[in-house]
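# Take a look and give me a structure for this.
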Amino acid sequence: MRSNGIFAGLALACGVLVSAPAGAEVVDATDAGFTIKFVGETSAGKDDAWRMLIAPAKWWSSEHTYSGDAANLYIDAQATGCFCEKLPKPADAPEGQRMGSVEHMHVIYADPQRGVLRLSGGLGPLQGEAASGTLTITLKPSERGTTITWVYTVGGYMQAKPQDIAPMVDKVLGEQADSLATKLGKPATPEGADEDGAAQVDEKGKAE
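Numbers count the residues shown, from 1 in each chain. Here you go, the predicted model:
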């Protein structure tokens, strides 16, 4: 069954209370836009984390795709590359019809040595708005493996209020961030962590 987009059902969910994954927070939300942030930990090393990060087919949820299958997602991790999705031709497609495709985000900075991937674009229903978004994912070695930080900043004209959209984006993107950390392997639960093993986040959004 094909989903409605990379944030399937998000547009219909505005105004509904949601629970974001541990480590996720809406840093700021105004009429001009919003910023959301996630901080997670994996027991994997930075190089392994990078390789997994740029292979979204292995960890992104199929529920939040246009094709209904995360296997169609890929990231060309170089400037001018993209976070894209293939839309396979249906069995009854006319002869000669090409496969469809979606560019979810555009790669503007990719540095595996520093562990930084930055992409530009509006995810999910934001793609159809006159808004722009910048997602920066940073991998930093830690005592327990690698700290993965996601920061997504969105601004511009949106038909819905940014304050209403932000919690929805926070929830869905936070689920993908958690899925990436889980796929890589989470560290053993440290003292002070929650029951899922995710590090607690202080008021500044930094993992303890």
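
# three-state assignment of R98?
coil (DSSP: H, G, I helix; E, B strand; the rest coil).

# start at 87 instead
Will do, 87 is the new start, and the previous item becomes R184.

# and it, how many neighbours?
For R184, the count of nearby residues is 8 (other Cβ atoms under 10 Å). In short, each C-beta sits where N, CA and C put it, glycine included.

# quick one: pLDDT of it?
With respect to pLDDT, R184 has a value of 92.

# Kindly report the same for E181.
If you check E181, the pLDDT there is 89.

# same question, W136
In this prediction W136 is given a pLDDT of 98.

# Could you do N90 as well?
We have a pLDDT of 50 for N90.

# Okay, now the unreliable bits of the protein?
For the chain, applying pLDDT under 70 flags the ranges 87-110, 276-294.

# Going along the chain, name the helices of it.
96-99, 132-139, 248-270 (DSSP state H).

# Deepest in the core, which of the ones you listed is it.
Of all the helices of the chain, helix 248-270 carries the top mean neighbour count, a mean of 21, counting by mean count of other Cβ atoms under 10 Å.

# That one packs against which elements?
Where contact means 3 or more Cβ pairs under 8 Å, 6 or more residues apart in numbering; DSSP states H and E, helix 248-270 is packed against helix 96-99, strand 110-116, strand 119-128, helix 132-139, strand 231-243.

# Please identify which of the helices of the chain is closest to V125.
Of all the helices of the chain, it is helix 248-270 that lies closest to V125, at 8.9 Å by Cβ to Cβ.

# how big is the angle separating that closest one from strand 119-128?
Between helix 248-270 and strand 119-128, the angle comes out at 20 degrees (axes from the mean of the first three to the mean of the last three Cα atoms, to 10 degrees).

# and the angle for helix 248-270 with strand 231-243?
Angle, helix 248-270 to strand 231-243, by the same axes, to 10 degrees: 160 degrees.

# Next up, the contacts around the residue nearest to G207 when sequence neighbours are not counted.
Leaving out its chain neighbours, the residue that sits closest to G207 by Cβ to Cβ, 6 or more residues apart in numbering is M191, at 3.6 Å. Contact partners of M191, counting by Cβ atoms under 8 Å, 6 or more residues apart in numbering, are C168, F169, L205, S206, G207, L209, G219, L221.
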